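# quick one, fold the following:
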Amino acid sequence: MGRDGHESEPILDSNPFYVQRRVPQDVSWRWIYLISMVLSAVGGIYALTHRNKDFSVLASADYLSDPAHCPVIPAGRTRSLLANDDEDFKPTYFLEAAGLCTGVSIVGGLLIGLLALYLIRSKPHAMVGASVAMQVTLPAAAGVAVLAAGGGAASVPLFLTAGLIGFVFYLYRNQLALVGRLLGVSSRALYDNPSIIGGSLLIQLAGLIFVLPLLAGMLLAYANGGVAPNPAVQSRQGTSCLDGQGQEVLCCAWKPDDWAIAYMAWAAVTLSWTSLLAFTIKVFVISGVTAQWYFAPANQTPRGSLRRSIGHALGPQFGSLALAAWLLNLLNTLKQMAENARQENRNNLFVQILVSCLQFLITVLEYITKFGVVRIAITGEELMDGCRATVDLLRRNLLDTVGVWWFPGMILQVTALLLSGVWGLVVWGFTYNYWGGTKVALSSSIAMGLLAFLFGILTIGFINSSKWSISHSCTVLQCQTLAIARLQVSVLGTFRVNPSKFHQDAAYIAQHIWGTSGAHLGHIW
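Prediction:
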């Protein structure tokens, strides 16, 4: 129901919660984002038409190293340039077959992604156990290695870390069992709705289409400027320029115009906003599709659910998603500022404690915002209303809600690292032996193994991001439907959740979120 009292109609007769007809929400943020994009486009066009036509020549190292092209003036601030050293350790075999190696890595990444999806779907509890064991074993193994190398006391923090991680997982053992079932349900949802993968790809490609012009506009704005003395230059020796440390630097530097610097800052903010908007749209769409599947009659998958969710995202709730992306962008900026303050004040205990508290608060706000996006995908309400409901959800079910919010992402990330790492090692060992076991073969096989690991991470990460959104959608749906049931038990007569999708999972999840009454409602389903 919108704020103006407009009643939204259910999409299915069996669905008392997911609404189809929605009123526009947070409209002002829709226009703020669109105006930002228009201004960025206008600035990019202006940068294109007014750029320095000789930029490629003037900004070249040969031109900037000639002291005749600009006067050398001392400056208070110094810097040094990194030198490029030739490498003797070149991956010759890899470079000679770069196309084939890349193709094999891509195919292997896809297969590893499908394997990860199968394992999470068929053996969710085993994957949770493997993830926990890996996080406990790694610091313990590092401690053993340090101890074997004669490190002595240096191994104690590693053993303490392993013990602390194991103790925390022991305290959360009930939540880990819940997460295992939740991941199984999310994998089943992804299996029943393969359109989620295609829709997610399209959303990310669309986001890339909007991001690339902004990036091009920033590059074009940088080309608006001229050559100026390098402020790092302190002295001159023959035709060379030296900084305050006596290191050779470029005599000149490219200086963008003042308006170009301002535009690049504006475009950078808009670019980050757009990237996060694509992320929030993807979470919104996946959550909407999951909600429609969740309430579908037995053995049926709703038709047009992806199109319907995309229509909601780009239509009445685009403003809410723009607001969510803006908040996430702001929180990311604050987090980066806090981290910079931490790095600059390593010896200041007060600053370290203050930054830690601030980062915790920022993390909580990020989770609330993301959870709010999941909720509004189901309810159609404004973002702030969804976030307030999320806070209420956290207040009523703090331990389990935190567990089912944090643990799935952690487990999926560890699964991606584990499978991709094993795949990368297998590729490295095979290619090293195939190429002859020489020094050149070693460098080429390392490059091949890293490429296989990278594509494995990208593929599994993409699939896991969909399962992450689905798992939290199921959490919200479970809590909300049970909340409705507690207020009006008679509404249970309208629920027709497919028992083949969940079996005993609904009862198990309900029991851990709502206690005995929740277990009773889950068994009624």
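# which stretches of the stretch 1-150 of the chain have low pLDDT?
Within the stretch 1-150 of the chain, the ranges that satisfy pLDDT under 70 run 1-20, 71-102.
# could you redo the last one with a cut-off of 90?
Counting by pLDDT under 90, the stretch 1-150 of the chain has low-confidence residues at 1-26, 50-150.
# helices along that one, start to end?
Remark: helices assigned in the stretch 1-150 of the chain by DSSP state H, counting those that start in this stretch are 27-49, 55-58, 61-64, 92-96, 98-122, 124-148.
# distance to Ala291 and mean neighbour count added to the ones you listed, as JSON lines?
C-beta here means a position set from N, CA and C on the backbone, and glycine is covered the same way. Output for the helices of the stretch 1-150 of the chain, formatted as JSON lines (distance: least, Cβ to Cβ, whole Å; neighbours: other Cβ atoms under 10 Å):
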{"stretch": "helix 27-49", "distance to Ala291": "23", "mean neighbour count": "16"}
{"stretch": "helix 55-58", "distance to Ala291": "51", "mean neighbour count": "13"}
{"stretch": "helix 61-64", "distance to Ala291": "56", "mean neighbour count": "14"}
{"stretch": "helix 92-96", "distance to Ala291": "46", "mean neighbour count": "16"}
{"stretch": "helix 98-122", "distance to Ala291": "20", "mean neighbour count": "17"}
{"stretch": "helix 124-148", "distance to Ala291": "21", "mean neighbour count": "17"}
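# dump the ones you listed into CSV; add distance to Lys335 as well.
Shown next, in CSV, are the helices of the stretch 1-150 of the chain (distance: least, Cβ to Cβ, whole Å):
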stretch, distance to Lys335
helix 27-49, 22
helix 55-58, 35
helix 61-64, 36
helix 92-96, 37
helix 98-122, 29
helix 124-148, 23
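# which residues does the closest residue to Ile112 other than its chain neighbours contact?
Nearest non-adjacent residue to Ile112, counting by Cβ to Cβ, 6 or more residues apart in numbering: Gly456, 4.6 Å away. Residues in contact with Gly456 (Cβ atoms under 8 Å, 6 or more residues apart in numbering) are 108-109, 112-113, 416, 419-420, 423-424.
# so which of the helices of the stretch 1-150 of the chain is nearest Gly380?
In terms of Cβ to Cβ, the element of those nearest to Gly380 is helix 27-49, at 14.0 Å.
# what lies in contact with the closest one?
In contact with helix 27-49 (Cβ under 8 Å, 6+ apart) are residues 24, 210, 213-214, 216-217, 220-221, 223-224, 260, 263, 266-267, 270, 273-274, 277, 318-320, 322-323, 326.
# thinking again about what came up before, the helices of the stretch 1-150 of the chain: which one's closest to Arg188?
Each of the helices of the stretch 1-150 of the chain has some distance to Arg188 by Cβ to Cβ; the shortest is helix 98-122, at 6.4 Å.
# packing partners of the closest one?
helix 124-148, helix 173-192, helix 398-434, helix 439-487 (3 or more Cβ pairs under 8 Å, 6 or more residues apart in numbering; DSSP states H and E).
# swap the cut-off to 10 Å and go again
Counting by 3 or more Cβ pairs under 10 Å, 6 or more residues apart in numbering; DSSP states H and E, the packing neighbours recorded for helix 98-122 are helix 92-96, helix 124-148, helix 173-192, helix 398-434, helix 439-487.
# picking up where we left off before, out of the contacts of Gly456, flag the one nearest to Gln292.
Gly113 (24.7 Å).
# which other residues reach stretch 137-148?
151-166, 414 (Cβ atoms under 10 Å, 6 or more residues apart in numbering).
# at 8 Å instead, please
So stretch 137-148 is contacted by 154-156, 158-159, 161-162, 165 (Cβ under 8 Å, 6+ apart).
# let me have these in CSV, extended by neighbour count and pLDDT.
What follows is the contacts of stretch 137-148, written out as CSV (neighbours: other Cβ atoms under 10 Å; pLDDT from 0 to 100):
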residue, neighbour count, pLDDT
Ala154, 12, 77
Ser155, 20, 79
Val156, 13, 82
Leu158, 20, 83
Phe159, 16, 84
Thr161, 17, 87
Ala162, 20, 85
Ile165, 17, 85
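# list the ones among those residues that fall in helices.
156, 158-159, 161-162, 165 (DSSP state H).
# tally of neighbours for Gln245?
By the measure other Cβ atoms under 10 Å, the count of residues near Gln245 is 11.
# one step back: redo the helices and strands packed on helix 98-122 as TSV? Include distance to Glu382.
Output for the helices and strands packed on helix 98-122, formatted as TSV (distance: least, Cβ to Cβ, whole Å):
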stretch	distance to Glu382
helix 92-96	53
helix 124-148	35
helix 173-192	26
helix 398-434	21
helix 439-487	16
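# looking at those, which is closest to Cys252?
Nearest of the helices and strands packed on helix 98-122 to Cys252, taken as Cβ to Cβ: helix 92-96 at 34.5 Å.
# ok, back up a step: list buried residues within the contacts of helix 27-49.
210, 213-214, 217, 220-221, 223-224, 260, 263, 266-267, 270, 273-274, 277, 318-320, 322-323, 326 (16 or more other Cβ atoms under 10 Å).
# one step back: for the helices of the stretch 1-150 of the chain, which one sits closest to Ser469?
Smallest distance to Ser469 across the helices of the stretch 1-150 of the chain (Cβ to Cβ): 14.1 Å, for helix 98-122.
# report the angle between the closest one and helix 173-192.
Helix 98-122 and helix 173-192 are oriented at 120 degrees to each other (axes from the mean of the first three to the mean of the last three Cα atoms, to 10 degrees).
# begin at 235 from here
Got it, first residue is 235 now, which makes that one helix 332-356.
# and the contacts of helix 332-356?
Helix 332-356 has contacts (Cβ under 8 Å, 6+ apart) with 328, 360-361, 417-418, 420-422, 424-425, 646, 649-650, 653-654, 657, 661, 681-682, 685-686, 688-690, 692-694, 696-698, 701.
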